[in-house]
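Colleague: Below is the sequence, then the predicted model.
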Amino acid sequence: MNNEQIFEKVNGVFRTTFKDDTILVTRETTAKDIAGWDSITHLDIITGMEEAFQVEITGFEVMNLNNVGDLLDLLAQKMSE
Amino acid sequence: MVFQSWYYFLFLLGLTGAQFFLLPTQRWLLLLLGSFFFYSLTGWQPTVLLLFTIIITFGSALWLGNEKNQGRRYKILLLSVTAQILLLSAFKYLGFFNDLVSGISHWMQSPSWVQLPLLMLPLGISFYTFQSMGYVFDVYYNIRKPERHFGHYALFVSFFPQIQSGPIGRSKEMLPQWKSITLPQWEMIRMALLLFLWGVLKKFVIADRLGIYVDEVYDSPQQFSGAVWTLILFLYTIQLYADFSAYSDMAIASAQVLGIRIPENFLFPYKANNITDFWRRWHLSLSGWLRDYIYTPLLFAKKKWKKWAVVYAIAVTFIICGIWHGPKMTFVLFGIVQAILLIFEMQTKEWRARLSNQLPSWMYQSLSVAITFVAISLCFILFRAEGLQQVKEIFIQLSKWEYSSVIDYVREKNGSIIIGLLFFLGLFLFYDEKISSVIRNQKENPKKLGLYLSFMVVVILIGMVIGKEQFIYFQF
């Protein structure tokens, strides 16, 4: 899976979570940029990513995520393992 | 040494002046000496305890930094956090343990089998314990590298504007500031002065004045009707905010004249339109700490439980929040009630969204703000009451409504003073955001600022004539 495909899949999870087809996240996107991104939707995003990419993300790893870029790097690393 | 005293003002002035004679890289040392001098005024025993906490957390963070094995790192974290909790408990929660033992013994109709001796509560212990514990968590989660400069770290934990009642600082924002301290420009000093005076005004003129009425009613709850109690509940809600935000403003202003930025603690909490929103605006440094170090790890540790993970994380976090405030069942209950309200809001999110579409926007918004304010005022009974028995008494009184009694009460308390007070309350509640932006805006017209400054000094002087009280949050 190349970066573009990963990005498209990540955007898909965001659109499903927020029920908004117009959402387009970038590497720099943070919780402050999307209305309604609270801890509950954060949980839905992480579990959504786990299902979409068939990986397991630990609580420890979640604590280190500062933006979507960090999430993309983590997913890429998980898939290469 | 309290903020609202001449000794403190002279101490701050002395430190600011002395900073000019030092290089930016040397100023941390003066602040450290000043902070330890400030804290040592509370006694040598609390100072030794503070130093002990600094050594434990500094050492455990270095140990964490050198350890690569994740299992061993977790054990180090557990050891460090346990040591800090035990230390905090020894000073803060022995009374709670004794009460619990007495309660069980009373229930079993047997004599109390153990009573532990009580220790004096060191000033600010709950605040600096959380601040240093947060730093250890940051190192554990690789959010930052361990600090290798012991002096910088000791200053991070002991910095005098924060140590008594926060705001609880974060290592990522605070520690880098000690390396090179740039003294503030005149505009910043002027702004800090205004913020400090605004704090003094809120404390003397609003909080302490309201405290007189609130204390009288809480001292003899059964003498007042439900109508008077309702008035007092609202007054206490305003008193608590005025008191604690006054302290926070003075702390932020004190740090600012020394060239240091510390986090804000409030975001106009009584404009919140639900309890979830309230906790995003109230005591931000504590709620942020609880969110990052308790709620989020618990939530993701149990993420497979889906919605139940949120319920579990909210419940545990807010029970801890309650216990943090003090060794009383009322605080534990305060935490439980907050958790119930937050879970209720989570469950009714979609229903409330539908309702908001059916009502005019202004009506839904005003109703939400009013309901939230009433709910918070009721919850604060648990914050202010002496014990569960008093909470029960207050609710019994609240059920006995006599509308005329509140008019008699205002008459008896000299109506003109009440009206004067309400005028300032109105000013405070509805214009706080505006006042706050004027105070925090460096580019404000100097003449306008001079006018605000003179107005505040006059009001404070009037307020000081009537008397003063200690900050409410010092008990935590």
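Modeller: Perfect, thanks for sending it.
Colleague: Which single residue of the stretch 351-476 of chain B ends up nearest chain A?
Modeller: B:Ala353 (10.3 Å; Cβ to the nearest Cβ). (Each C-beta comes from the backbone N, C-alpha and C, glycine too.)
Colleague: Name the residues of whichever helix or strand that residue is part of that are buried.
Modeller: B:Ala353 belongs to helix B:349-358 when assigned by DSSP states H and E. For helix B:349-358, burial by neighbour count (16 or more other Cβ atoms under 10 Å in any protein chain shown) applies to B:Ser356.
Colleague: And the average pLDDT for that helix is what?
Modeller: In this model, helix B:349-358 has a mean pLDDT of 90.
Colleague: right, and the helix or strand after it?
Modeller: helix B:361-384.
Colleague: Now that next one: buried residues?
Modeller: Buried-residue list, helix B:361-384, by 16+ other Cβ under 10 Å: B:364, B:368-369, B:372-373, B:375-384.
Colleague: again with stretch B:210-228
Modeller: Within stretch B:210-228, the residues scored as buried using 16+ other Cβ under 10 Å are B:210-211, B:213-214, B:217-218, B:221, B:224-228.
Colleague: and if you look at stretch B:185-202?
Modeller: B:189-202.
Colleague: before we move on, what about stretch B:391-410?
Modeller: Neighbour-count burial for stretch B:391-410 [16+ other Cβ under 10 Å]: B:391, B:393-394, B:397-398, B:405-406, B:409-410.
Colleague: could those residues be laid out in JSON lines, adding pLDDT?
Modeller: Formatted as JSON lines, the buried residues of stretch B:391-410 follow (pLDDT from 0 to 100):
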{"residue": "B:Val391", "pLDDT": "93"}
{"residue": "B:Glu393", "pLDDT": "92"}
{"residue": "B:Ile394", "pLDDT": "93"}
{"residue": "B:Gln397", "pLDDT": "90"}
{"residue": "B:Leu398", "pLDDT": "88"}
{"residue": "B:Ser405", "pLDDT": "76"}
{"residue": "B:Val406", "pLDDT": "75"}
{"residue": "B:Tyr409", "pLDDT": "79"}
{"residue": "B:Val410", "pLDDT": "76"}
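Colleague: how about those residues in JSON lines, adding secondary structure and distance to chain A?
Modeller: Formatted as JSON lines, the buried residues of stretch B:391-410 follow (DSSP: H, G, I helix; E, B strand; the rest coil; distance: Cβ to the nearest Cβ, whole Å):
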{"residue": "B:Val391", "secondary structure": "helix", "distance to chain A": "30"}
{"residue": "B:Glu393", "secondary structure": "helix", "distance to chain A": "37"}
{"residue": "B:Ile394", "secondary structure": "helix", "distance to chain A": "33"}
{"residue": "B:Gln397", "secondary structure": "helix", "distance to chain A": "38"}
{"residue": "B:Leu398", "secondary structure": "helix", "distance to chain A": "33"}
{"residue": "B:Ser405", "secondary structure": "helix", "distance to chain A": "43"}
{"residue": "B:Val406", "secondary structure": "helix", "distance to chain A": "40"}
{"residue": "B:Tyr409", "secondary structure": "helix", "distance to chain A": "42"}
{"residue": "B:Val410", "secondary structure": "helix", "distance to chain A": "42"}
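Colleague: Pick the one among these closest to A:Glu51.
Modeller: Nearest to A:Glu51, judged by Cβ to Cβ, of the buried residues of stretch B:391-410 is B:Val391 at 46.2 Å.
Colleague: list the contacts for the residue positioned nearest the centre of chain B?
Modeller: By Cα atoms, centre = their mean, the mean C-alpha position of chain B lies nearest to B:His283, the distance being 4.9 Å. Listed by Cβ atoms under 8 Å, 6 or more residues apart in numbering or on different chains, the contact partners of B:His283 are B:166, B:244, B:265-266.
Colleague: buried subset of those residues?
Modeller: Burial by neighbour count, judged by 16+ other Cβ under 10 Å, picks out B:166, B:244, B:265-266 from the contacts of B:His283.
Colleague: Point out the least confident one among these.
Modeller: Within these, B:Gly166 has the lowest pLDDT, namely 80.
Colleague: coming back round to it: nearest to B:Gly34 among the buried residues of stretch B:210-228?
Modeller: Looking across these and measuring by Cβ to Cβ, the closest to B:Gly34 is B:Gly211, at 30.4 Å.
Colleague: shouldn't that closest one be in contact with B:Ile238?
Modeller: No: look at B:Gly211 against B:Ile238 with Cβ atoms under 8 Å: they stay out of range, at 10.7 Å.
Colleague: With pLDDT, distance to chain A and secondary structure as added columns, please give the buried residues of stretch B:185-202 in JSON lines.
Modeller: Formatted as JSON lines, the buried residues of stretch B:185-202 follow (pLDDT from 0 to 100; distance: Cβ to the nearest Cβ, whole Å; DSSP: H, G, I helix; E, B strand; the rest coil):
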{"residue": "B:Ile189", "pLDDT": "87", "distance to chain A": "31", "secondary structure": "helix"}
{"residue": "B:Arg190", "pLDDT": "83", "distance to chain A": "31", "secondary structure": "helix"}
{"residue": "B:Met191", "pLDDT": "85", "distance to chain A": "25", "secondary structure": "helix"}
{"residue": "B:Ala192", "pLDDT": "88", "distance to chain A": "27", "secondary structure": "helix"}
{"residue": "B:Leu193", "pLDDT": "87", "distance to chain A": "32", "secondary structure": "helix"}
{"residue": "B:Leu194", "pLDDT": "86", "distance to chain A": "29", "secondary structure": "helix"}
{"residue": "B:Leu195", "pLDDT": "88", "distance to chain A": "25", "secondary structure": "helix"}
{"residue": "B:Phe196", "pLDDT": "89", "distance to chain A": "30", "secondary structure": "helix"}
{"residue": "B:Leu197", "pLDDT": "86", "distance to chain A": "32", "secondary structure": "helix"}
{"residue": "B:Trp198", "pLDDT": "86", "distance to chain A": "28", "secondary structure": "helix"}
{"residue": "B:Gly199", "pLDDT": "87", "distance to chain A": "28", "secondary structure": "helix"}
{"residue": "B:Val200", "pLDDT": "85", "distance to chain A": "34", "secondary structure": "helix"}
{"residue": "B:Leu201", "pLDDT": "83", "distance to chain A": "33", "secondary structure": "helix"}
{"residue": "B:Lys202", "pLDDT": "84", "distance to chain A": "29", "secondary structure": "helix"}
